[in-house]
Each structure stands twice: as C-alpha cells, then as structure tokens.
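**Q** Sequence first, then the predicted structure, then my questions.
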2 protein chains.
Amino acid sequence: MAALPSGILGALDPTSDRAVFRQIADQIREAIDRGRFKEGAKLPSESELVEHFGVSRMTVRNALSILQSEGLASSEHGRGVFVRPRPPVRRLASDRFARRHRDQGKSAFTVEAEAAGSKPEVDSLEVREEKPAPDISARLGSPRKVLARRRRYLLDGRPVESAVSYLPLDLARGTQIAEPNPGPGGIYARLEELGHRLDHFDEEVRARMPSPSEVKTLRLSSGVPVISLIRTAYDTEGRAVEVCDTVMAADAYVLAYQLPAN
Amino acid sequence: MAALPSGILGALDPTSDRAVFRQIADQIREAIDRGRFKEGAKLPSESELVEHFGVSRMTVRNALSILQSEGLASSEHGRGVFVRPRPPVRRLASDRFARRHRDQGKSAFTVEAEAAGSKPEVDSLEVREEKPAPDISARLGSPRKVLARRRRYLLDGRPVESAVSYLPLDLARGTQIAEPNPGPGGIYARLEELGHRLDHFDEEVRARMPSPSEVKTLRLSSGVPVISLIRTAYDTEGRAVEVCDTVMAADAYVLAYQLPAN
DNA sequence: CCCTCATACTCGTATAGACGAGTAGCTAAG
DNA sequence: CTTAGCTACTCGTCTATACGAGTATGAGGG
C-alpha cells in the first residue's frame, strides 16, 4: 500500500533506552532542521511511518504530537501532517506610538501593514462601559467604571492580535473615544486634544500558552504561544489615562525596544 | 478500588459532538480555574478518572495531555498529575543596565535576586573564541571571530535563564572580559573602561516553544514557552560592541519597558 | 528505633483493532 | 463540459490490554 517515505528517515535504535516515539520524533525533527522536509511540505503519512518504523499507529501519533506541541508541525484532518510554515513577522518598534508617527487618517496598524505589503483588517470592534477587573482597575487608579474598546487585528485574513483598551469612564464618556471610530490619530490623539498630553508608556511583556478561547479567536495552531502585552499610558501629570491589554500570536511578532544606557 | 474523585467533576454530555477527551479536559480546566483544585494540588488519578467518566485510560490520558500542553498541569511519574504552580516571577526593568545600577562587586542578577529574597546562582560558565553564527555576525558588523561568554542563571536552585554574550574578538581579547570573572560591574563596566562608552541598547523580544535542548538546560515542564531576548549594545560612536542572546523560562519572567511618548 | 523490602499505587510506553470524518481524485452520469 | 458520487486515502477518536518504571507506605526484621 503505502510507499516508503523515501530514504530521509533512518532506523530505530532498539538498544537505546530512549522511548521509541521519542526516537521517531527526533528523526523527523532532525530531518526538518536539516531541510530534508521544507516549510509547508507534507510529512510521511501515519501509515507510512507505521510501516517504515514497524510500530503501531499510536506510537507514530505520539511522535507526531510531540512535533506539534513544539510548533514544528501541524496536522490537517484528511490531508496530512505538514511542516509548519513560518508566517511573516510583524515588528513592533518601541517608538510606534510616538506623536510624530500619528498618521492623519489611518491607524498605526493599517499604515504599517500596508507599508509591509499586507492587507490589514480590524474586526469585532466593540465599545462598551464596564466594571474593570482588579488588575486593570489598579493600574488606572481604581475607577468605578471604565470604557472598554475591544478589537481584533488581521493580516491578509489571518488574525494576529486581539486587544482591549480601558479608559477611566469620566475621561472618555461622551467624547469621540467612546465612538467605534475614534478619528484620525486614534484615541491617543483624542486624549491629547482633551488636555491629557501623553508623557510615557509602561509596557509589561509576558509569554504563555493560549487559553482555549484565545486559540479560537486567533486561530492558533498547537505549539504556538501568545505574547501578552499590557501597556499603560500616562499623561504629563502622572495620571494613568489608558491601559491596553494585548494578546498576540507569538509566531507573528517581534517586539523591538531601544533603551538608553545611562 | 479507586475512590471517587469527589463531587468536583460532573458528567459527560453524550449528545454533544465535542470529543469526549475534550469534554473531560474542559471539566478539569474549569475546576482548576474555579479554584476547586488549587495550585500544586493533585488531580484525580487516571484510574479514578477512568472510573468516574466510564471511559478508557487512553481517553483520560488524552484529556490530561491537553491540560499539560496548556501549561495548566504537569505529571510526575509514579506520583500523579498536579496543578502546575505559578513560580515567583522575575521582573526585568528596562533600566536594569543603566550605569547607575552597576554595583561594585556583584552582578545585576545577584543583587536583584537577593533583594527579592531568592538565592541566585550562576552556572556552566564558559568563555571561548568562536566563529559567529550569521545573525550574530550581522549585528556585530561581521567580525571574523567573536568571544562568546555562556552562562546559566538559577533562582533557588531552579534554572530560569541561559545566555550567551558575543563580543568582537579584537575588542575583548586579552582584557578581563575574556576572563571567567569579568570583575565588578560586569562586562559593560569593562567596555566603558576600554573607552567604549555605552550609548544605548536594542532589544528584540520573541516567544516560542523551547527546543529539546532548551527543555533540558532550563528543566522546563511541558506547556511552558520561552522568551528569546536578543540585546545589542552600542557605544557612543554607533559601534555594536556586544550581542547578548538570552533564553528565559517564560513562566518566570515579566519584561517591563518604559517608553517616551514623543 | 531504623532500615529493608514487599506491595500497591502512580504514570509511561506500546500493541491491535475499530469506526468516524474530512479530502482529493477519478469516474460515470447528466 | 459539468457534476454527482464512489473510492481510497488522510487524520481523529475510542476501546481494551499489557507490561515497565517510579513513588509511597506500611510491615517486618535487624
């Protein structure tokens, strides 16, 4: 039936005390690293691997699941298991919110994506008032209620980031910030028009595995972590005027920061 | 035999088209989220779950492996499966390399860890000359050879970070930088004594799943990503004088940056 | 009292089989 | 030519069983 998976994969070492499914995973991983299986290429099917290594199917599946959890491969029902392609990466520079970068009409995300030749989309925009979670509340100086602006960002149809901005309600209510479209320059431009000249941002960066709901909204394949970025914006009077909680598909981002040495 | 796993877990929905092992994972995940199983607590054993849900062991193992890949649980051979405890987190501030923080005798890592009440260790220190990898080489202005300083950092016996510093060989050879102990203030202090006054650092932050070797050296449990941080140090003449490639256990770190708004 | 060892539990690895469901390509009917 | 359906392949889910290996506990011997 199944043809041999070519001479790329060797044999098992029965004297080794390394588990068989690990040895199989090792061999495939090495073949991927060496470029014997290229990005996006189809790996040998389970039944081919069963035949090649002379093991049961569960053992092969066990091996493949290792590679998937490492982010090296992903399976597609009915099609096969493929070497996971590395998507184009979006680079976030630390000056991306600098005043000078505030474009007239478009958002920073849109401008940047078009410059990189990608088609940007913003999605599931929702603006509402709500009671803030404790950690958000603490950062904003414990307001009773906040304005929450939720959205999802896509590049060429692929969701890459979802974000929620929280602003103290007394500051945002009734302004254009509470509208779905905050206008040219985004909410930071509106905040400055309202007299809150921005002074600096604090950013906290974490990485972790996604929750099931994050897997869904970012359409993450297994073995892809998320970067969680929480940014707090302060005005020149030292007041926290916005907290933005962002979750990014880690395989789509590099964060770049520049730090002074003094 | 196995006692019932208490009333924390409910029953399966046979009408649902959600796979049984996913339903089991959902129930356990929800119980963890609601605090019914606390941090570090032992989950019901596989055989208890088999009995409770009336499914085969592989189905239960499949469910548990989901939770492990999400970083929610980790198994210990012969003991059980436990809710993964959140370790204390090390916060890296963006001014951690500022001149004013350079301590006399100790490294930044040591000072900070002791302040936080942890026992710091530095490990597997290795200093050697080598040919740089292409990406490192490019950042340093393509030197033929570099000095590489490798080390691993531990907190209270747990490895949390491994790092390699690369410096152009013409700059480091014969200086104290090439010694295992670079002296008070670390290599940045030595660089400045050599006339390379530091101007700024560039940092690139990525997150991904660890390679098998990283799992080993950082003793990572499954479902824990790594943060990869590549820092380039520039002197006031614009020359890149050091590249530091760091891999951190993501569950042990928060990176904090402060950005100006102008 | 301490140590050893048996034992019963835990998870780890592996087999063999079955059926379901998604995909792709070919074939035969329209 | 187009389309509907068959078929063969893919991975997904689940059962039942077996043995191995690490851990904890308690009983028994020293």
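**A** The structure has been received and is ready for your questions. Residues are numbered from 1 along each chain as shown, chains lettered A, B, ... in the order given.
**Q** which stretches of the stretch 101-250 of chain A form strands?
**A** Remark: strands assigned in the stretch 101-250 of chain A by DSSP state E, counting those that start in this stretch are A:120-130, A:146-155, A:158-168, A:198-208, A:226-235, A:240-249.
**Q** quick one, the third one and strand A:226-235 angle?
**A** When you say that, I think you mean strand A:158-168. Here strand A:158-168 runs at an angle of 30 degrees relative to strand A:226-235 (axes from the mean of the first three to the mean of the last three CA atoms, to 10 degrees).
**Q** For strand A:158-168, which strands pair with it and how are they oriented?
**A** Next to strand A:158-168 in the sheet, as set by DSSP bridges, lie strand A:146-155 (antiparallel), strand A:240-249 (antiparallel).
**Q** Report the rounded mean pLDDT for the first one.
**A** Within the predicted structure, the mean pLDDT of strand A:146-155 is 96.
**Q** what helix or strand is residue A:27 on?
**A** Using DSSP states H and E, residue A:27 sits in helix A:20-33.
**Q** Please identify the buried residues of whichever helix or strand comes after that helix?
**A** Next helix or strand after helix A:20-33 toward the C-terminus (DSSP H and E): helix A:46-53. Buried residues in helix A:46-53, counted by 16 or more other CB atoms under 10 Å in any protein chain shown: A:46, A:48, A:49, A:50, A:51, A:52, A:53. The way it works is simple: take the backbone N, C-alpha and C, and place the C-beta from them, glycine included.
**Q** for stretch A:77-86, same thing?
**A** A:81, A:82, A:83, A:84.
**Q** what about that stretch and DNA strand C, touching?
**A** Yes: judged by CB under 7 Å from any atom of the strand, stretch A:77-86 comes into contact with DNA strand C at A:77, A:78, A:79.
**Q** Show me which of these is closest to chain B.
**A** Of all the residues of stretch A:77-86 next to DNA strand C, chain B sits closest to residue A:77, with 12.3 Å by CB to the nearest CB.
**Q** what number of residues lie near the nearest residue to residue A:210 once chain neighbours are set aside?
**A** Distances taken as CB to CB, 6 or more residues apart in numbering or on different chains place residue A:226 nearest to residue A:210, at 4.7 Å, with adjacent residues excluded. Residue A:226 has 26 neighbouring residues, counting by other CB atoms under 10 Å in any protein chain shown.
**Q** ok, residue A:226 touching residue A:248?
**A** Yes: contact criterion CB atoms under 8 Å: residue A:226 and residue A:248 qualify, at 6.2 Å.
**Q** The buried residues of stretch A:77-86: which two are farthest apart?
**A** The largest distance within the buried residues of stretch A:77-86, taken as CB to CB, falls between A:81 and A:84 and amounts to 9.7 Å.
**Q** which neighbours do these two share?
**A** Residues touching both residue A:81 and residue A:84 by CB atoms under 8 Å, 6 or more residues apart in numbering or on different chains: A:73, A:74.
**Q** for DNA strand C, what are the nearby residues on the stretch 51-200 of chain A?
**A** Close to DNA strand C, as judged by CB under 7 Å from any atom of the strand, the stretch 51-200 of chain A has residues A:54, A:55, A:56, A:57, A:58, A:59, A:62, A:76, A:77, A:78, A:79.
**Q** wait, which of the residues you listed is closest to residue B:37?
**A** Looking across those and measuring by CB to CB, the closest to residue B:37 is residue A:62, at 26.2 Å.
**Q** Tell me which helix or strand that closest one sits in.
**A** Going by DSSP H and E, residue A:62 is in helix A:57-69.
**Q** in the helix or strand just after that helix, what counts as buried?
**A** Next along the chain after helix A:57-69, taking DSSP H and E as the criterion, comes strand A:73-76. Across strand A:73-76, burial judged by 16+ other CB under 10 Å covers A:73, A:74, A:75.
**Q** end-to-end on stretch A:38-55?
**A** 25 Å (CA to CA, to the nearest Å).
**Q** from the chain's centre, how far out does it sit?
**A** In terms of CA atoms, centre = their mean, to the nearest Å, the centre of stretch A:38-55 is found 29 Å from the chain centre.
**Q** picking up where we left off before, check whether the helix holding residue A:62 comes near chain B.
**A** Yes: using CB under 8 Å from any CB of the partner chain, helix A:57-69 reaches chain B at A:58, A:65, A:69.
**Q** What is the burial count for the closest residue to the first one other than its chain neighbours?
**A** Meaning residue A:58. Of all residues beyond its chain neighbours, the one nearest residue A:58 is residue B:58 (7.8 Å), with distances taken as CB to CB, 6+ apart. For residue B:58, the count of nearby residues is 12 (other CB under 10 Å).
**Q** per-residue confidence for residue B:58?
**A** Model confidence at residue B:58 (pLDDT) stands at 97.
**Q** Low-confidence stretches in chain A?
**A** Applying pLDDT under 70 to chain A flags residues A:1-6, A:103-105.
**Q** ok, 50 please
**A** Chain A contains residues with pLDDT under 50 at A:1-2.
**Q** so what are the domain limits for it?
**A** A:6-83, A:90-256 (automatic domain parsing).
**Q** Quick check: the residue lying closest to residue A:137 once chain neighbours are set aside vs residue A:186, distance?
**A** Of all residues not flanking residue A:137 in the chain, residue A:143 sits nearest, at 6.8 Å (CB to CB, 6+ apart). Note on residue A:143: its distance to residue A:186, by CB to CB, to the nearest Å, is 21 Å.
**Q** ditto for residue A:55
**A** Taking CB to CB, one finds residue A:55 at 56 Å from residue A:186.
**Q** now residue A:27
**A** 50 Å.
**Q** now residue A:91
**A** Distance, residue A:91 to residue A:186, by CB to CB: 19 Å.
**Q** How about the residues of the stretch 101-250 of chain A by DNA strand D?
**A** Residues of the stretch 101-250 of chain A lying near DNA strand D (CB under 7 Å from any atom of the strand): none found.
**Q** if we go to 10 Å?
**A** residue A:222 (CB under 10 Å from any atom of the strand).
**Q** hmm, back to that, for the residue nearest to residue A:210, which residues count as its bridge partners?
**A** residue A:208, residue A:249.
**Q** same thing with the one 4 residues further on?
**A** Taking DSSP bridges as the rule, residue A:230 bridges to residue A:204, residue A:245.
**Q** Within its local environment, how many residues does it see?
**A** For residue A:230, using other CB under 10 Å, the count is 19.
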